[in-house]
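Participant: Could you work out the structure for the sequence below:
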Amino acid sequence: MKLLIVTNNPHRASFKQRIGVYLDILQADGIDCEVAKMPSGSLARRKLFKKAGDFDGVFLHKKKLNLVDALRIKRYGKKIIYNFDDAIMYNPKTPDRNSSSRSRAFRRSVRLADMVLTGSSYLAEQARKFNPNVVVLPLGLKVSDYKIGSSGGNDGKIRLVWIGSKSTLPYLAEIKPALEEIGKRFKNVILKIICDDFFDLQNMPVEKRLWSEQTRAADLASSNIGLAPLPDNRFTRGKCTFKVLEYSSAGLPVVASPIGTNSDHIRDNVTGFLVIETQEWINRITQLIEDGQLRKKMGQEGRAHAEKFDVSVIGKQLTELITQCLQKPILSRQWQIKKNYILPEEKYVKSNQVVYQKKTSQEE
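Facilitator: Sure thing, here's the model as predicted:
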């Protein structure tokens, strides 16, 4: 089987975590993958979509399609799998404001797919409004990349750690009041930030580590407590938080907000703590600072949980889902156009002799 994988940027962490890490597994299971970056020009995209006819299916990663591109890929693609692991139907900067353009593009992209893969039940709920064939496939990672060390350095310091990017650093900044209070209480506590941007605290030293594929696992292994704060809004509820799995793989207990997949990956009072209010952050972090045995026990439980999401496990599930979709008999094109893939943005759109007619309100 041959699969064309289309993404905006194959070098981004989201692509690597969602599909890049599984390419060797798919290849070994008989699915030959070709990764293509979505071109910016219309003619180049048309050429790419025509090429889709040479494959058994197209795997769209996190790309919302405009109307013309949707028509083209539906015409040439034999099967379409749509994959996303963020609340791409909402603007992360203004999540409570509805965006008609985002909603329309999301609805269009989900409707034309033969199968939709999402990273969480929250995202699946959004997609099932427009397509019944939606499957939740959680993120996976190579657990063996993360070594459980002596839990921290040899300098007697306790390191709270957060890993992320410049765009999500404001989430960590929201718990500054709790961190400042911890800094007042404990002079041996350090905040380690693994990122491409940083901030400072008044009462606690900040250890700044530039995120690197080569050093991130070692930076986590030399830490003691993982932090995963998230605000509560429509966008963050769709967060498939990779960092919690990283912390657990490194044998760290985690203190986190009960938002997104944090609630799926953290067993409260077993692998870490789920907290909301500032005082809860202070109390739970304090508890872990003062109890080394609890840190160790929670870290061991977290590692056992993370192993259930190793790439060998999730990769097998992904292979089975893709194979199931590509091998399913292709229904007649006329049936597809009539029943499932009518695009609602235009009343009539003519494309190479095929007419896509707008549904009535009753049909929608």
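Participant: Show me the strands in this protein, by range?
Facilitator: Taking DSSP state E as the criterion, the chain carries its strands at 2-7, 32-37, 57-61, 80-84, 115-118, 134-136, 158-163, 189-195, 206-210, 225-228, 254-256, 272-274, 348-351, 354-357.
Participant: Quick one, which of these gets closest to Gln327.
Facilitator: strand 57-61 (9.8 Å; Cβ to Cβ). The C-beta positions use only the backbone N, C-alpha and C, and glycine is treated the same way.
Participant: Strand 80-84 and that closest one, what's the angle between them?
Facilitator: With axes from the mean of the first three to the mean of the last three Cα atoms, to 10 degrees defining the directions, strand 57-61 sits at 20 degrees from strand 80-84.
Participant: re the thing from before, now the strands of the chain as a markdown table including mean neighbour count and mean pLDDT?
Facilitator: Listed next are these as a markdown table, based on neighbours: other Cβ atoms under 10 Å; pLDDT from 0 to 100:
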| stretch | mean neighbour count | mean pLDDT |
| --- | --- | --- |
| strand 2-7 | 22 | 96 |
| strand 32-37 | 14 | 96 |
| strand 57-61 | 25 | 96 |
| strand 80-84 | 24 | 96 |
| strand 115-118 | 25 | 97 |
| strand 134-136 | 18 | 97 |
| strand 158-163 | 24 | 98 |
| strand 189-195 | 22 | 98 |
| strand 206-210 | 15 | 97 |
| strand 225-228 | 27 | 98 |
| strand 254-256 | 27 | 98 |
| strand 272-274 | 24 | 98 |
| strand 348-351 | 12 | 34 |
| strand 354-357 | 14 | 35 |
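Participant: and those as a markdown table, adding distance to Arg46?
Facilitator: Conversion of the strands of the chain to a markdown table gives the following (distance: least, Cβ to Cβ, whole Å):
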| stretch | distance to Arg46 |
| --- | --- |
| strand 2-7 | 13 |
| strand 32-37 | 13 |
| strand 57-61 | 14 |
| strand 80-84 | 16 |
| strand 115-118 | 24 |
| strand 134-136 | 29 |
| strand 158-163 | 40 |
| strand 189-195 | 39 |
| strand 206-210 | 40 |
| strand 225-228 | 42 |
| strand 254-256 | 45 |
| strand 272-274 | 48 |
| strand 348-351 | 11 |
| strand 354-357 | 15 |
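Participant: Just tell me which of those strands ends up closest to Leu326.
Facilitator: Closest among these, once you apply Cβ to Cβ, is strand 57-61, at 4.7 Å.
Participant: what sits up against that closest one?
Facilitator: Applying Cβ atoms under 8 Å, 6 or more residues apart in numbering, the contact partners of strand 57-61 are 1, 3-8, 15, 18-19, 33, 52, 73, 77-84, 109, 113-114, 322, 325-326.
Participant: chain center to it, what's the gap?
Facilitator: 16 Å (Cα atoms, centre = their mean, to the nearest Å).
Participant: Give the partner strands of that strand in its sheet and their orientations.
Facilitator: strand 2-7 (parallel), strand 80-84 (parallel) (DSSP bridges).
Participant: quick one, helices of the stretch 251-364 of the chain?
Facilitator: Assigned by DSSP state H, counting those that start in this stretch, the stretch 251-364 of the chain shows helices spanning 262-265, 278-290, 292-306, 311-327, 333-339.
Participant: List the residues that contact the residue nearest to Leu137 when sequence neighbours are not counted.
Facilitator: Distances taken as Cβ to Cβ, 6 or more residues apart in numbering put Leu117 closest to Leu137, at 4.9 Å, once the chain neighbours are dropped. Going by Cβ under 8 Å, 6+ apart, Leu117 touches 81-84, 134-137, 318, 321.
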